[in-house]
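J.: Okay, here's the prediction I keep looking at, along with the sequence it came from:
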Amino acid sequence: MYVMESTEANNQIKKNPSPVSAWVGGVAFTFLIALLGYLLAMVPGFDQVGQLACAIIIAVAYRQIFGYPEIIRSGIAFSSKRLLRAAIILYGLKLNIDVVLSDGLGLLVRDAAVIAFAIIATVWLAKLFKADKKISLLLGVGTGVCGAAAIAAVAPIIKSKDEDTAIGVGIIALMGTVFAITYTILRPILPIDAIQYGIWSGTSLHEVAHVALAAAPGGEDALAIGLLAKLGRVFLLVPLCFIFIYMMKRKNKNAEETDAKIEFPWFLVGFIILSLLGSYVFGHSIPVSDGVMEGVFTLTTWLLTAAMVGLGLNVSLKDLRTKALRPLAAMTIVSLALSIIVYVTI
């Protein structure tokens, strides 16, 4: 009798692990898929897609084959929310405010115009195509600012579902890679110099990684000016988020939605603080080696990848087919228009 009760108790524990075990298991699971994404990104062909997109692909595939791992939901949710905010905060170290303000003010004006065009045009086309509004808005933000990081920062402000956020990140990673590779193919036949090519890449491509991928073949000057132009767009992420906070509060007030309060995105404060520290303290008042900074950037990438895995596990391909095609069409048209407009105005 005692043995039977003991066996049943053990089976129950296996089915319902302790909260700590579920949390640890969920976080570990997201990092495991992040590792698989990292390994897949080493395979020829997938190396152009990148670790982030590869991890999302694996997470989405796992969800369709095995279903959502409910037993470790708490840990997965921690990765998709808490680790995501931690990654955005650390991302602030990549933004050198001093360089942007001293050398990139002219580019900053161009960057602001790019962001406004990308968001407004994507939302307008989405309305025309009757596409999902929030996915389209996220894609507009990702196209205009800095890809996945921008989508991740704006998503909680506009109260986007995890599934919609993951769809937006996946699309932006895929299309950004396609555009970056196209730029490298076009580079030898375009009648522009290295500086112009760098400005074109940095002002019109989606992710920082996409800018680096596309601008590097143009030489050191092209890469430097391209990254500077891209940093200007990252710099504008913070004021853009506050604009969205104001708009959402005004919308809720007009709709008299007393239960739809907008939480202040405290992670943006962390982003600003680390941006200031990285720009004026680390490497100046406090010496920090390049190796340490590279380690922090690597950690940021892994945290962001694990977070995207958590989001990717929420994606249903059935919903993806019904919700993503029209926003994808709108975003593709805007990205093409943006590339052409920036090119003819450099």
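T.: Received, thanks.
J.: which residue packs closest to the spatially most central residue of the chain, ignoring adjacent ones?
T.: By Cα atoms, centre = their mean, the mean C-alpha position of the chain lies nearest to residue 148, the distance being 1.1 Å. Sequence neighbours aside, residue 169 is the residue nearest to residue 148 in space, at 4.6 Å (criterion: Cβ to Cβ, 6 or more residues apart in numbering). Where C-beta positions appear, they are placed from N, C-alpha and C, glycine not excepted.
J.: Which strand or helix spans the one you found?
T.: For residue 169, the host element (DSSP states H and E) is helix 162-186.
J.: Return the set of buried residues in that helix.
T.: Residues 162-180, 183-184 are the ones in helix 162-186 that count as buried (16 or more other Cβ atoms under 10 Å).
J.: about what we covered before: return the residues in contact with the residue nearest to residue 148.
T.: Going by Cβ atoms under 8 Å, 6 or more residues apart in numbering, residue 169 touches 52, 56, 142, 147-148, 151-152, 308, 311.
J.: how about those in CSV, adding secondary structure, distance to residue 329 and pLDDT?
T.: Putting the contacts of residue 169 into CSV (DSSP: H, G, I helix; E, B strand; the rest coil; distance: Cβ to Cβ, whole Å; pLDDT from 0 to 100) gives the following:
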residue, secondary structure, distance to residue 329, pLDDT
52, helix, 23, 78
56, helix, 20, 80
142, helix, 15, 93
147, coil, 19, 84
148, helix, 20, 82
151, helix, 18, 91
152, helix, 23, 86
308, helix, 23, 79
311, helix, 22, 76
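J.: re earlier: any idea how far the helix holding residue 169 is from the middle of the chain?
T.: 10 Å (Cα atoms, centre = their mean, to the nearest Å).
J.: Give me the helices and strands touching the helix or strand following that helix, please.
T.: With elements assigned by DSSP H and E, the helix or strand that comes after helix 162-186 is helix 194-204. Judged by 3 or more Cβ pairs under 8 Å, 6 or more residues apart in numbering; DSSP states H and E, helix 194-204 is in contact with helix 105-129, helix 162-186, helix 208-215, helix 220-235, helix 325-345.
J.: Could I get the average pLDDT for helix 194-204?
T.: Average pLDDT, helix 194-204: 91.
J.: now do stretch 335-346
T.: If you average the pLDDT values across stretch 335-346, you get 94.
J.: who's in contact with it?
T.: 110, 114, 117-118, 121, 143, 175, 179, 192, 196, 199-200, 203-204, 206.
J.: Below-threshold pLDDT in the stretch 101-250 of the chain: ranges please.
T.: Along the stretch 101-250 of the chain, segments meeting pLDDT under 70 span 103.
J.: Filter the contacts of stretch 335-346 down to just the buried residues.
T.: For the contacts of stretch 335-346, a neighbour count by 16+ other Cβ under 10 Å gives the buried set as 110, 114, 117-118, 121, 143, 175, 179, 192, 196, 199-200, 203-204, 206.
J.: which among these gets closest to residue 20?
T.: Nearest to residue 20, judged by Cβ to Cβ, of those is residue 206 at 38.5 Å.
J.: if I've got this straight, the closest one is in a helix?
T.: No. Under DSSP: H, G, I helix; E, B strand; the rest coil, residue 206 falls outside any helix and is assigned coil.
J.: Not counting its neighbours along the chain, what's nearest it?
T.: Counting by Cβ to Cβ, 6+ apart, residue 206 lies nearest to residue 176, which is 3.3 Å off, once chain neighbours are set aside.
J.: Now for that neighbour: which residues touch it?
T.: Listed by Cβ under 8 Å, 6+ apart, the contact partners of residue 176 are 147, 205-207, 210.
J.: Likewise for residue 152?
T.: By Cβ under 8 Å, 6+ apart, the contact list for residue 152 reads 84, 87-88, 165, 169, 304, 307.
J.: Filter these down to the ones in strands?
T.: Judged by DSSP state E, the subset of those located in strands is empty.
J.: still on that earlier bit, do I have it right that the residue nearest to the centre of the chain meets residue 173?
T.: Yes. The criterion here is Cβ atoms under 8 Å, and residue 148 meets it with residue 173 at 6.4 Å.
J.: So for the two, which residues contact both of them?
T.: 52, 207.
J.: Redo the helices and strands packed on helix 194-204 as CSV? Include distance to residue 33.
T.: Converted to CSV, these look like this (distance: least, Cβ to Cβ, whole Å):
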stretch, distance to residue 33
helix 105-129, 29
helix 162-186, 13
helix 208-215, 19
helix 220-235, 27
helix 325-345, 24
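J.: With respect to residue 96, which of these lies nearest?
T.: Closest to residue 96 of these, according to Cβ to Cβ: helix 220-235, at 6.5 Å.
J.: Can you tell me which of the contacts of residue 169 is nearest residue 67?
T.: Out of those, the member with the shortest distance to residue 67 (by Cβ to Cβ) is residue 311, at 16.3 Å.
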